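Colleague: Need coordinates for the following:
(one chain, ligands or ions: 1)
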Amino acid sequence: MDPSTSAPTPSGDAKKAMVIITIGMAGAGKSTFVQRMNSYLHAKESPPYILNLDPAVTHVPFEPNIDIRDTINYQEVMKQYNLGPNGGILTALNLFTTKFDQVLNLVEKRAETVDYVILDTPGQIEIFTWSASGAIITDAVASTLPTVVAYIIDTPRTTAPATFMSNMLYACSILYKTKLPFILVFNKTDVQPHDFALEWMHDFEAFQAALASHSGTTDDEGEPTYMNSLMNSMSLVLDEFYQHLTAVGVSSMTGAGMKEFFDAVEASRTEYEKEYLPELQRARAAREKTLQAAKEDSVNRLMKDLAVDRARNPDAALADKWDPTEEDEDDGDDAEVNIIDRSDGPWPGQYIDVTRLNRRDDAEMSWPRPG
Ligand SMILES: Nc1nc2c(ncn2[C@@H]2O[C@H](COP(=O)(O)OP(=O)(O)OP(=O)(O)O)[C@@H](O)[C@H]2O)c(=O)[nH]1
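Modeller: Residues are numbered from 1 along each chain as shown. Below is the predicted model:
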């Protein structure tokens with residue numbers, strides 16, 4: 001572990017590993033960026049713990065510690081549920097999420113010895129950002145460890161003002177959905193520097209001027225088109241959103257900008273502790289209170305019903321006793337583990353690997369259909 005990052009926090013606790021959730025449109029360079037983070041951290045002698053959550057990826061340029069593909073065969077899921085590729089990926093992620101408590105246990109264990117835990121998400125961004133499983137995974141890691149979202153942007157493909165705005169609106173929706181610290185990562189700066197983006201973010205008049213200079217922004221009579229007016233207004237709205245963001249330019253190809261990125265990640269740790277964590281604790285306390293009230297209410301009603309029942313039926317009440325020596329029927333083997341941590345002991349064979357079951361044409365194997 002890099003000694004500079006494992007120092008105790010001001011509160012005296014040992015510093016916890018930081019989780020980086022990598023999100024971005026298909027082809028923005030998420031996997032290449034994860035590989036770049038991986039090699040950057042290896043060079044700093046602080047190797048990260050990596051989770052691949054994309055069941056459909058054929059090749060990842062890094063060696064993940066936990067790989068969804070070891071647990072779920074997405075092609076098989078497509079066949080069994082009669083789904084198309086996106087439905088298959090989503091269902092695979094849903095099935096994986098049902099085991100996420102095991103994943104979280106492994107991550108928590110590793111979080112004591114690593115500085116960073118990195119999540120690579122499915123190529124189709126909405127499968128992670130707009131699905132229940134994506135929200136469950138995000139909430140689960142963010143309530144366990146300090147977490148930051150790295151939103152990867154394909155800079156060369158974002159130079160048109162309308163595309164830039166669409167991308168920013170998407171980022172905005174994720175920021176307000178997760179409420180987590182957020183870093184805009186302008187990738188591929190070796191092909192296209194990201195200065196134009198920073199200028200548009202800091203000066204909405206510069207963005208509006210760029211918009212006006214693009215063709216199709218006025219109609220035949222020289223009046224601004226509906227889209228042009230909409231984007232002008234949106235740029236004012238986004239001005240507020242930009243205040244909450246850190247933007248860095250990187251090249252996953254050359255490694256430029258990685259130090260700035262990790263500086264931003266460290267700054268996010270403070271933001272997480274000051275803003276996200278207290279909010280999470282407040283929400284938890286409120287939920288506990290509601291649950292407690294609901295529990296008390298049902299216990300009260302149960303006790304009332306029991307009192308009536310006992311008064312009416314005193315003989316049955318005498319026989320109604322619990323025998324503590326009787327064995328609990330549910331005492332089975334809870335230790336089943338089928339999430340694979342590749343960095344743990346011999347692999348494969350130690351765990352139940354569902355994909356292998358399929359390869360042996362095990363006709364008994366079938367996924368439970370959602371109820
Ligand atoms: N020039 C340049 N190309 C890059 C950079 N980062 C990624 N690429 C290229 O962009 C393409 C897409 O990269 P990926 O890492 O596969 O992108 P992804 O977002 O993981 O794609 P999905 O698997 O569809 O989610 C590949 O051809 C990469 O080589 C970069 O910094 N510079």
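Colleague: show me where pLDDT drops low in this structure?
Modeller: The chain contains residues with pLDDT under 70 at 1-14, 215-224, 317, 320-321, 324, 326-338, 343-371.
Colleague: and the gap between the residue of the stretch 51-200 of the chain found nearest the ligand and Lys179?
Modeller: For the stretch 51-200 of the chain and the ligand, the shortest gap (C-beta to the nearest ligand atom) falls at Gly123, measuring 2.8 Å. Heads up, the C-betas are built off the backbone N, CA and C, glycines and all. To Lys179, Gly123 is 25 Å away according to C-beta to C-beta, to the nearest Å.
Colleague: of those two, who's got more company?
Modeller: The neighbour comparison of Gly123 against Lys179 (other C-beta atoms under 10 Å) goes to Gly123, with 18 against 15.
Colleague: contacting residues for that one?
Modeller: If you count contacts by C-beta atoms under 8 Å, 6 or more residues apart in numbering, Gly123 has them with Ala26, Gly27, Lys30, Asp54, Ala56, Val57.
Colleague: Could you confirm it falls within a strand?
Modeller: No. Counting by DSSP: H, G, I helix; E, B strand; the rest coil, Gly123 is not part of a strand but coil.
Colleague: Mind jotting down where the helices sit in the stretch 251-371 of the chain?
Modeller: Assigned by DSSP state H, counting those that start in this stretch, the helices in the stretch 251-371 of the chain fall at 258-271, 277-312, 314-319, 354-359.
Colleague: what number of residues lie near the closest residue to Tyr272 other than its chain neighbours?
Modeller: Residue nearest to Tyr272 in three dimensions, not counting chain neighbours: Pro146, with 4.4 Å by C-beta to C-beta, 6 or more residues apart in numbering. When counting by other C-beta under 10 Å, one arrives at 24 neighbours for Pro146.
Colleague: OK, contacts around Pro146?
Modeller: Contact analysis of Pro146 by C-beta under 8 Å, 6+ apart lists Lys16, Ala17, Met18, Val19, Ser268, Arg269, Tyr272, Glu273.
Colleague: cool, Val57 as well?
Modeller: Taking C-beta under 8 Å, 6+ apart, we find Val57 in contact with Ser31, Arg69, Gly123.
Colleague: separation between it and Ala135?
Modeller: Distance, Val57 to Ala135, using C-beta to C-beta: 21 Å.
Colleague: ok, now Val103?
Modeller: Remark: distance between Val103 and Ala135 (C-beta to C-beta) = 15 Å.
Colleague: Next: Ser251.
Modeller: Relative to Ala135, Ser251 is positioned 31 Å away (C-beta to C-beta).
Colleague: Same question for Arg287.
Modeller: Applying C-beta to C-beta, the value for Arg287 to Ala135 is 16 Å.
Colleague: More neighbours: which of the two?
Modeller: Between Arg287 and Ala135, Ala135 has the larger neighbour count (other C-beta under 10 Å), namely 15 against 10.
Colleague: now the spatially most distant residue from the centre of the chain: how far from the ligand?
Modeller: In the chain, counting by C-alpha atoms, centre = their mean, Asp315 sits farthest out from the average C-alpha position, at 56.9 Å. Distance, Asp315 to the ligand, using C-beta to the nearest ligand atom, to the nearest Å: 69 Å.
Colleague: show me the contacts for that residue.
Modeller: Listed by C-beta under 8 Å, 6+ apart, Asp315 has no contact partners.
Colleague: what bridges to Ala247?
Modeller: Leu184 (DSSP bridges).
Colleague: Roughly how far does it sit from Gly29?
Modeller: To Gly29, Ala247 is 16 Å away according to C-beta to C-beta.
Colleague: Over to Val57?
Modeller: Computed as C-beta to C-beta, the Val57 to Gly29 distance reads 13 Å.
Colleague: May I have the phi/psi pair for Asp190?
Modeller: For Asp190, the backbone dihedrals are phi -70, psi -30 (criterion: degrees, to the nearest 10).
Colleague: same thing with Ile153?
Modeller: phi -120, psi 140.
Colleague: bridging residues for it?
Modeller: Phe186.
Colleague: Who are the contact partners of it?
Modeller: With contact set as C-beta under 8 Å, 6+ apart, Ile153 has these partners: Gly24, Met25, Ala28, Asn167, Ala171, Leu184, Val185, Phe186, Asn187, Ala197.
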